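> turn this into a structure:
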Amino acid sequence: MSNGRYRHKYQVLLALVLLELPATAAGRIDPGTGTMLWQLAAGAVIGGLFFVNEILASVRNRFGSSSPVAAGFLFATAYAMVAIPVVLIIFAGHALPRFNDVFLIGIVLTAYLFRWEPSAYLLGIALLVSAWILPPYGTFRVVGFAEWYRMFSFTVVAIFLMHLVTRSKNRKMGGESAQPAYAIRRAAAGAD
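Residues are numbered from 1 along each chain as shown. Just a heads-up that it's a prediction; the model follows:
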């Protein structure tokens, strides 16, 4: 008889637990979570940019490429391989006004870290992606004055920033870099 008595207690306990559970479970995410995750991702990317020189030096040593131009093209290609999926996923089907800024950051960074040639290469890739994203989406046709203007203005801004960065790098290096390398060597040899 005691066995039935315990069974009754378990049945009552199970009924109380089931009454406490909601019929449907609804998950909720705090509205600020998405913004916090975007800020975390942006902080990681920007923080990683401080270590770009060390990363590039290790890549150069690993692959044996001592040429800064070759390393610049490698960097521009790697940046494009990361930026293209991001741009296509985020802005798929609806090009926001500033979607080219993802590429503009890479163009300026490439011009700053390397030379203008890899930066111009990344500009060409960005223009192809822009032609793909702008209406009509999924084709390389650019239709309409607004889309042509967007691509033209992006190209002008990118070229201006490449020129500005290259010029500021040359000034930062001083007057010695303004002279050709053979003139510096000849002057050093004449001093001996």
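> where do the helices sit along this protein?
2-20, 33-49, 52-63, 68-90, 101-113, 116-133, 145-173, 181-191 (DSSP state H).
> quick one: closest of those helices to Thr139.
Distance to Thr139, taken as C-beta to C-beta, is lowest for helix 116-133 among the helices of the chain, at 7.3 Å. Bear in mind the C-beta positions are built from the backbone N, C-alpha and C, glycine included.
> got the buried residues for the closest one?
If you call a residue buried by 16 or more other C-beta atoms under 10 Å, then helix 116-133 has these buried ones: 116, 118-123, 125-127, 129-130, 132-133.
> can you list these in TSV and add pLDDT?
TSV is the format used below for the buried residues of helix 116-133 (pLDDT from 0 to 100):
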residue	pLDDT
Trp116	88
Pro118	91
Ser119	91
Ala120	92
Tyr121	93
Leu122	91
Leu123	92
Ile125	90
Ala126	89
Leu127	89
Val129	83
Ser130	82
Trp132	79
Ile133	76
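> for Arg141, state which of these is nearest.
Checking those one by one against Arg141 (C-beta to C-beta), the nearest turns out to be Trp132, at 9.7 Å.
> list the residues that contact that closest one.
Counting by C-beta atoms under 8 Å, 6 or more residues apart in numbering, Trp132 makes contact with Leu88, Gly138, Thr139, Phe140.
> how about the spatially closest residue to the last one that is not a sequence neighbour, what does it touch?
Spatial nearest neighbour of Phe140, excluding adjacent residues (C-beta to C-beta, 6 or more residues apart in numbering): Ala131 at 4.7 Å. Applying C-beta under 8 Å, 6+ apart, one finds that Ala131 lies in contact with Thr139, Phe140, Arg141, Val142, Met151.
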